[in-house]
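Q: my questions concern the predicted model and sequence given below.
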Amino acid sequence: MNRGFGSIVLDTSFRVLVPFTLVYGIYVLVHGEYSPGGGFQAGALLAVGVVLARLVQGREAAFNIKGTTALIVAGIGTFIYGAIGFSTILFGGKFLEYGKLPFKVHDPAELHALGMLGIEIGVTICVMATIVGILDALTRGEDLS
Amino acid sequence: MKKISLLLIIIMAGMYFYAAVGLPLIGDANSAPNTHVAPRYIEKSYEETASPNMVTAVLADYRGYDTLGETTVIFIAGLATFLILSTAPSKKKEEEGGDNK
């Protein structure tokens, strides 16, 4: 899996599939407040895009994420969630009280929507990077033997 | 020892089954959760969170602390899996870095 096994059929269909998968993942993320979806599902979809690239093009794929980098990125995703939670404390609210976020909106309820979008971005990054990291760990010793 | 374990499992299973009889029926309009928090979510979630998707509103806003725990669990589980899998002894005992082609 580290080498990739591109044939012309795989390469061509891969070029069609992966952009749609990534765009669909981002759609599921930002549309999660209005339709079924949300951070976890969007993270899985984005990870499918990266995993497909790994499967077809091998370790030198265009948007490959290496294992240790993936773990760091997953930590950043979790940190985003916690940082949003603690930032509302700094602005005078309780933990994860989105109504105290310092943005100008004409309806206080929209602050909650913004906060939910923020934490779901964090969840998406964490889930995506975790899946990629586990795949990387699984395929690490493959070419040794 | 095995017999004690089996006995304990049987006792626990019996207690679970006994407790399951007392649970409210699914869809019972008079059960405790359906008269306490569920109407509040249905009536107020849109005006309080501006999110038409009630599930997301409960998941990310009313139960945001819970979701933070879930995310942390996923991260820690992924970290542990990565560490366990990547330190598994390889057949050749190659220790020079990760770049093996």
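A: Thanks, I have the structure now. Numbers count the residues shown, from 1 in each chain, chains lettered A, B, ... in the order given.

Q: now chain B against chain A: closest residue?
A: Chain B approaches chain A most closely through residue B:78 (3.3 Å), counting by C-beta to the nearest C-beta. C-betas here are computed from N, CA, C, even on glycine.

Q: I'd say that residue and residue A:132 touch.
A: No. If you go by C-beta atoms under 8 Å, residue B:78 and residue A:132 don't touch, sitting 9.4 Å apart.

Q: residue A:58 versus the residue lying closest to residue B:82 once chain neighbours are set aside, what's the distance?
A: In this structure, residue B:82 finds its nearest non-sequential neighbour in residue A:137, 4.5 Å apart by C-beta to C-beta, 6 or more residues apart in numbering or on different chains. Residue A:137 is 17 Å from residue A:58, where distance means C-beta to C-beta, to the nearest Å.

Q: before we move on, what about residue B:25?
A: 54 Å.

Q: the residue in chain A positioned nearest to chain B: which element?
A: Nearest to chain B, among the residues of chain A, is residue A:130, at 3.3 Å (C-beta to the nearest C-beta). Residue A:130 is part of helix A:108-138 when elements are defined by DSSP states H and E.

Q: show me what counts as buried in that helix.
A: If you call a residue buried by 16 or more other C-beta atoms under 10 Å in any protein chain shown, then helix A:108-138 has these buried ones: A:109-113, A:115-137.

Q: counting contacts, what elements does it pack onto?
A: If you count contacts as 3 or more C-beta pairs under 8 Å, 6 or more residues apart in numbering or on different chains; DSSP states H and E, helix A:108-138 packs onto helix A:8-30, helix A:39-57, helix A:67-90, helix B:38-49, helix B:54-57, helix B:64-86.

Q: could you dump the helix or strand hosting residue B:4 to PDB, C-alpha only?
A: Applying DSSP H and E as the criterion places residue B:4 in helix B:2-21. Extracted in PDB, the C-alpha atoms of helix B:2-21 (Å, rounded to 0.1, in the frame of the first residue of the first chain):
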ATOM      1  CA  LYS B   2     -14.300 -20.000  36.200                       C
ATOM      2  CA  LYS B   3     -17.400 -21.100  38.100                       C
ATOM      3  CA  ILE B   4     -17.300 -17.900  40.200                       C
ATOM      4  CA  SER B   5     -17.100 -15.800  37.000                       C
ATOM      5  CA  LEU B   6     -19.900 -17.700  35.400                       C
ATOM      6  CA  LEU B   7     -22.000 -17.300  38.500                       C
ATOM      7  CA  LEU B   8     -21.300 -13.600  38.600                       C
ATOM      8  CA  ILE B   9     -22.200 -13.200  35.000                       C
ATOM      9  CA  ILE B  10     -25.500 -15.000  35.500                       C
ATOM     10  CA  ILE B  11     -26.300 -12.800  38.500                       C
ATOM     11  CA  MET B  12     -25.500  -9.600  36.600                       C
ATOM     12  CA  ALA B  13     -27.500 -10.700  33.600                       C
ATOM     13  CA  GLY B  14     -30.400 -11.500  35.800                       C
ATOM     14  CA  MET B  15     -30.200  -8.100  37.400                       C
ATOM     15  CA  TYR B  16     -30.000  -6.400  34.000                       C
ATOM     16  CA  PHE B  17     -33.000  -8.200  32.800                       C
ATOM     17  CA  TYR B  18     -34.900  -7.500  35.900                       C
ATOM     18  CA  ALA B  19     -34.100  -3.800  35.700                       C
ATOM     19  CA  ALA B  20     -35.000  -3.700  32.000                       C
ATOM     20  CA  VAL B  21     -38.600  -4.600  32.900                       C
END
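
Q: roughly how far is it from the heart of the chain?
A: 23 Å (C-alpha atoms, centre = their mean, to the nearest Å).
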